[in-house]
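**Q** Sequence and predicted structure below; questions after.
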Amino acid sequence: MKGGRHHASAGLSLIELMVALAIGTVLMLGLTQIFSASRSAYQLSEGLSRVQENARFALDFLQRDIRMAGHFGCISDQARRQQSDTLISHFTSGGVLDFGYSIRGYDNASPSGLSLSPARIDGTDSVALRFLGGSGIAVSALGTTDSGAPSVQVDAAKWSLLNQNGGASLALFGVADCTYADVFAAAGFDAGSGRVEAPAGVDFNKYRAGTSTLYRAQALLYYIGLGTGGRAALMRARISADGTAESEELVEGVENLQLRYGLDRNAATDPSGFVGSEADADAVGDSELDWRRVAQVRLALLMASPDPAASMQREAVSKLLGVTPTLPNDGRYRAVYETSVALRNRLYGN
């Protein structure tokens, strides 16, 4: 009788199983590392992109308004150098609404007595800018109200030109021609009829209808404060007629602003048109003539990404115009952006 045939059972030996597990573990570790590296590269790329995007917006806001500083219609700061008493600022001298100071910077400070909400972050600079808006409306009539107050009339259909830059409700106005400019807080206005009433003491007799223009006056302060998300942001405060500030958040992720000012090599009364030196706000001086020497602003922004970017560049951030920032170890991508802005209303010969 033939016995039954026995077949060996198919399967893996212990050694084969251990080799397979080892290979699988290596593959999984490799995939994990690839995923981690890809995620880090994406975070860094995203952080870099957001920083660059926010920096462009922040620089655009600052450059645009710094260039406008000293614009008073035909009576720019260039003309004021040649003839005195061309600009009449109907506000307290030296106050936050003193339009005699077209630009004034503050080194690690903000204007005295001005309450800011949110507050300025310590260690950052601020700069006040004053000018008449770029769009004005031709004056069609000048006269007085029934109460005897001086008034100016413009085309009501063009009233929206005065509100192109947004912000708080209209309160500050300027009337200018190519000889004089008066800046004042309106005693009242009627957008429907296009009439603006000025306070007593404003003299419109020197102006003529058809050759003068009504503008919105702008008094702005740029500074760094905590934004709605609890992180540092670029703020722009508009100064109202009563001297209070209304702040708006412009760009998130701006952690520091540092400013230096290029000074004409001659005195403000005899400008050369050449920047001969550079100084911080404290070194420029306090008087109006001191600040009228400023022809250029150099600024530096410290930008940070909104989220951690798996970045090792925290220690590589350069100084901001000689100031070394204190950086938290939070993994956010940071970079410094610098630019120089000429005050075009002070460019000699323009």
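**A** Now that the structure is in, tell me what you want to look at.
**Q** can we go C-alpha only for contacts and neighbour counts from here?
**A** Noted.
**Q** Count the residues that sit near Gln33.
**A** 12 (other Cα atoms under 10 Å).
**Q** Give me the residue at the spatial middle of the chain.
**A** Nearest to the mean C-alpha position of the chain, by Cα atoms, centre = their mean, lies Leu62 at 3.7 Å.
**Q** got the contact list for that residue?
**A** With contacts taken as Cα atoms under 8 Å, 6 or more residues apart in numbering, Leu62 has the following neighbours: Tyr222.
**Q** sec struct for it, please.
**A** What DSSP: H, G, I helix; E, B strand; the rest coil gives for Leu62 is helix.
**Q** for Lys158, same thing?
**A** Per three-state DSSP, the secondary structure class of Lys158 is helix.
**Q** What is the neighbour count of it?
**A** 13.
**Q** how near is it to Gly95?
**A** For Lys158, the distance to Gly95 equals 31 Å [Cα to Cα, to the nearest Å].
**Q** now do Arg120
**A** Separation of Arg120 from Gly95 (Cα to Cα) stands at 19 Å.
**Q** residue ranges for the helices of this structure, please.
**A** Assigned by DSSP state H, the helices in the chain fall at 14-68, 77-82, 281-284, 288-292.
**Q** Do I have it right that Ser89 meets Ala185?
**A** No - between Ser89 and Ala185 there is no contact, the gap being 9.9 Å when judged by Cα atoms under 8 Å.
**Q** circling back: how about the helices of the chain in CSV, adding distance to Leu234 and mean pLDDT?
**A** Formatted as CSV, these follow (distance: least, Cα to Cα, whole Å; pLDDT from 0 to 100):
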stretch, distance to Leu234, mean pLDDT
helix 14-68, 7, 82
helix 77-82, 27, 66
helix 281-284, 19, 96
helix 288-292, 24, 89
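**Q** how about those in TSV, adding distance to Thr326?
**A** Written out in TSV, the entries for the helices of the chain read as follows (distance: least, Cα to Cα, whole Å):
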stretch	distance to Thr326
helix 14-68	18
helix 77-82	38
helix 281-284	21
helix 288-292	30
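**Q** Which one, of the ones you listed, ends up nearest to Glu246?
**A** Using Cα to Cα as the criterion, the shortest distance between Glu246 and the helices of the chain is 16.8 Å, found for helix 14-68.
**Q** any weak-confidence spans in the stretch 51-200 of the chain?
**A** Applying pLDDT under 70 to the stretch 51-200 of the chain flags residues 78-84, 165-169.
**Q** And the stretch 201-350 of the chain, by the same measure?
**A** Applying pLDDT under 70 to the stretch 201-350 of the chain flags the ranges 310-317, 348-350.
**Q** let's see 90
**A** 201, 203, 229, 241-243, 264-276, 288-289, 292, 306-334, 344-350 (pLDDT under 90).
**Q** residue ranges of the strands in it, please?
**A** Counting by DSSP state E, counting those that start in this stretch, the stretch 201-350 of the chain has these strands, from start to end: 213-226, 232-239, 245-252, 254-264, 275-279, 294-308, 332-342.
**Q** So which other helices or strands are in contact with the shortest one?
**A** It refers to strand 275-279. On a contact count with 3 or more Cα pairs under 8 Å, 6 or more residues apart in numbering; DSSP states H and E, strand 275-279 meets strand 254-264.
**Q** Would you mind writing the CA trace of the strand it packs on as CSV?
**A** Output for strand 254-264, consisting of C-alpha atoms alone and laid out as CSV, is shown next (Å, rounded to 0.1, in the frame of the first residue of the first chain):
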residue,chain,number,x,y,z
VAL,A,254,4.4,94.8,9.8
GLU,A,255,6.4,94.5,13.1
ASN,A,256,8.6,97.6,12.9
LEU,A,257,9.0,100.9,11.1
GLN,A,258,12.2,102.9,11.2
LEU,A,259,12.7,106.2,9.5
ARG,A,260,15.5,108.5,8.6
TYR,A,261,15.3,111.9,6.8
GLY,A,262,17.5,113.3,4.1
LEU,A,263,18.3,117.0,4.6
ASP,A,264,19.0,119.6,2.0
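**Q** quick one: that strand to helix 14-68, angle?
**A** Counting by axes from the mean of the first three to the mean of the last three Cα atoms, to 10 degrees, strand 254-264 lies at 40 degrees to helix 14-68.
**Q** All set, thanks.
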